[in-house]
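> Please find the sequence and the predicted model below.
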Amino acid sequence: MDKFIIDGGRRLYGTIRAESAKNSVLPLLAASVLTEEQVTIREVPAITDVLCMVQILRELGAKVTFRGEDVIIDSADACCHEISSALTKELRSSVFMLGSLLTRFRRAVIAYPGGCDIGLRPIDLHLSALKRLGVKIEERDGFIYCKCDVLRGAEIALDFPSVGATENILLAAVKAEGRTVLHGAAKEPEIVDLQNFLNGMGANIRGAGTDVIVIEGVKRLGGVTFLPIKDRIEAGSYLIACAVCGGETEVEGVCGENIRLLLHKLRENGCKIHTKNDKIRIESSGRLKSNRRIETMPFPGFPTDLQAQATALNSGAEGGALIIENLFETRYKYVPELRKMGADIEVNGRNAFVRGVSRLHGATVAAGDLRGGAALVIAALGAEGTSEVLDLSHIDRGYADLQGKLTSLGAKIKRVRI
Ligand code: EPZ
């Protein structure tokens with residue numbers, strides 16, 4: 001088990017390059033089993049969620065090798081359609097293996113997926129969509145048994161623009177007989193990336209990025225070499241860190257459009273933001289005004305994956321902020337840890353009322369989930385004195401070399417084994 005020791009109060013200066021997006025690479029890895037030809041995904045981030053998904057592919061019989069930052073998947077010999085509960089409990093993203101396995105094998109068995117402890121995270125939208133495509137589903141003893149003779153295109157309407165359900169539908173419809181029209185699709189940039197990846201394999205999909213996606217089933221899919229989009233949530237996390245600490249930082253690889261609402265909120269805090277192509281530069285005095293209101297919404301709204309980090313920012317800003325978390329029921333588990341640093345936050349259901357204090361102080365805190373852990377690191381960077389952040393395994397799921405990147409910006413952060 002490792003921990004971070006962080007000496008707060010240092011301004012951040014410099015440039016960092018965002019990694020390929022975790023929430024794009026994971027569905028791309030799932031999609032790689034749709035073909036028996038070789039698939040190469042470029043510049044994959046060194047994060048544990050990726051390693052876990054690679055482990056799942058290997059368990060199915062695929063050969064997965066790393067060449068530098070690239071990952072090469074050869075699933076010609078993949079023959080298993082069942083994923084162990086240990087791995088699916090570890091990773092929420094295992095759920096979109098259903099679509100891939102059904103397309104490849106017409107069969108799929110997975111345990112109910114795990115993931116961050118941020119809410120119930122049901123998969124009813126996934127399962128009802130798969131049934132529309134002709135899949136027979138049985139849920140028994142914590143496992144989901146899926147099978148179908150043939151996948152047939154259908155009209156599908158999602159009650160909620162679920163990212164994972166949208167991805168699962170693309171993976172299950174891509175080689176189905178006939179046309180699938182998906183209404184109410186999620187519009188995240190990572191969905192567009194998946195469409196581009198699949199079309200690079202020979203699929204015929206259009207409309208990703210809008211709420212109507214049309215998938216014309218094709219007979220075969222070939223190999224592809226693909227460079228995923230960069231991680232807008234990682235980039236946003238570093239921009240928020242610089243806003244809190246003060247200084248001037250540039251994040252490369254992500255276009256401002258993909259985190260437009262965050263940039264709008266950072267300007268509200270008093271930061272100067274400059275965007276040019278795929279570069280975002282932030283200048284901050286470190287003395288911030290609070291955001292009166294932040295409400296998380298599906299893309300292009302304010303990302304739920306930046307809610308915890310924005311709450312940490314507002315904890316040390318002047319004034320008060322109302323944070324409304326609309327996507328997940330219990331995405332405030334990091335708040336008691338922020339309170340140990342002097343934050344004044346009252347949580348009531350999906351709302352958090354933040355009263356800014358002049359400065360947070362160092363404390364020993366523990367990460368409980370991926371983005372909550374990032375929020376604690378950000379709070380520690382801006383706090384007075386030294387903090388320790390424990391349970392880094394949560395942070396390692398989605399941030400590659402967080403300590404090295406922050407150190408390159410001038411932060412005083414050490415990673416030690418305990
Ligand atoms: C994806 O999760 C991301 N994960 C999450 O990022 C992100 O927070 C989320 O989308 C929303 O943007 C990956 O892409 C691997 P959803 P996903 O289905 O697909 C409800 C991170 O920190 N819902 O859009 O699980 C669900 O309960 C992670 O990187 C149903 O009710 O999110 C939630 O309230 C955390 N039934 C809402 O929809 C369903 O069948 C959003 O879920 C599916 C979802």
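In hand now; what should we look at?
> quick one: V251 and L239 touch, right?
Yes. Counting by CB atoms under 8 Å, V251 does reach L239; the two are 6.1 Å apart. (Glycine included, C-beta is placed from N, CA and C.)
> hey, what's in contact with both of those two?
I280, I282 (CB atoms under 8 Å, 6 or more residues apart in numbering).
> buried ones in the least confident helix or strand in the chain by mean pLDDT?
Least confident element among the helices and strands of the chain, by mean pLDDT, DSSP states H and E: helix 85-90 (a mean of 80). Judged by neighbour count using 16 or more other CB atoms under 10 Å, the buried positions of helix 85-90 are S85, L87, T88, E90.
> And the residue of the chain found nearest the ligand, which helix or strand is it part of?
Distances between the chain and the ligand by CB to the nearest ligand atom are smallest at G164, namely 2.7 Å. Under the criterion of DSSP states H and E, G164 resides in helix 163-173.
> Equivalent analysis for L406, please.
helix 402-408.
> Quick one: mean pLDDT over that helix.
Helix 402-408 shows a mean pLDDT of 98.
> what do you get for stretch 217-228?
In the prediction, stretch 217-228 has an average pLDDT of 98.
> Check stretch 350-357 too.
What stretch 350-357 shows for mean pLDDT is 97.
> neighbouring contacts of that stretch?
Contact partners of stretch 350-357, identified using CB under 8 Å, 6+ apart, comprise 290, 311, 314-326, 329, 332, 335, 342-347.
> rerun that using 7 Å as the cut-off
For stretch 350-357, contacts defined as CB atoms under 7 Å, 6 or more residues apart in numbering pick out 290, 311, 314-326, 332, 335, 342-346.
> coming back round to it: could you dump the buried residues of helix 85-90 into CSV and include distance to T304?
Shown next, in CSV, are the buried residues of helix 85-90 (distance: CB to CB, whole Å):
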residue, distance to T304
S85, 27
L87, 25
T88, 22
E90, 21
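> Could you pull up phi and psi at the most centrally placed residue in the chain?
Central residue of the chain (CA atoms, centre = their mean): N23, 4.2 Å from the mean position. Main-chain dihedrals, N23, degrees, to the nearest 10: phi -80, psi 10.
> So it sits against D193, correct?
No. In this structure N23 lies outside contact range of D193 using CB atoms under 7 Å: 9.1 Å.
> Direction included, what does the helix or strand I205 falls within pair against?
Element membership of I205, judged by DSSP H and E, is strand 204-206. Strand 204-206 has the following strand partners under DSSP bridges: strand 212-216 (antiparallel).
> need the residues of the stretch 1-150 of the chain near the ligand, please.
Counting by CB under 6 Å from any ligand atom, the positions of the stretch 1-150 of the chain adjacent to the ligand are 22-23, 26, 92-93, 116, 119-126.
> State the number of residues packed around the nearest residue to I324 once chain neighbours are set aside.
Nearest non-adjacent residue to I324, counting by CB to CB, 6 or more residues apart in numbering: E295, 4.3 Å away. Neighbourhood size, E295 [other CB atoms under 10 Å]: 15.
> quick one on the thing from earlier: just list the residues touching the residue of the chain closest to the ligand, thanks.
V95, F96, H126.
> Let's have those residues in JSON lines, adding neighbour count.
Shown next, in JSON lines, are the contacts of G164 (neighbours: other CB atoms under 10 Å):
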{"residue": "V95", "neighbour count": "25"}
{"residue": "F96", "neighbour count": "29"}
{"residue": "H126", "neighbour count": "25"}
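> Understood, closing this out.
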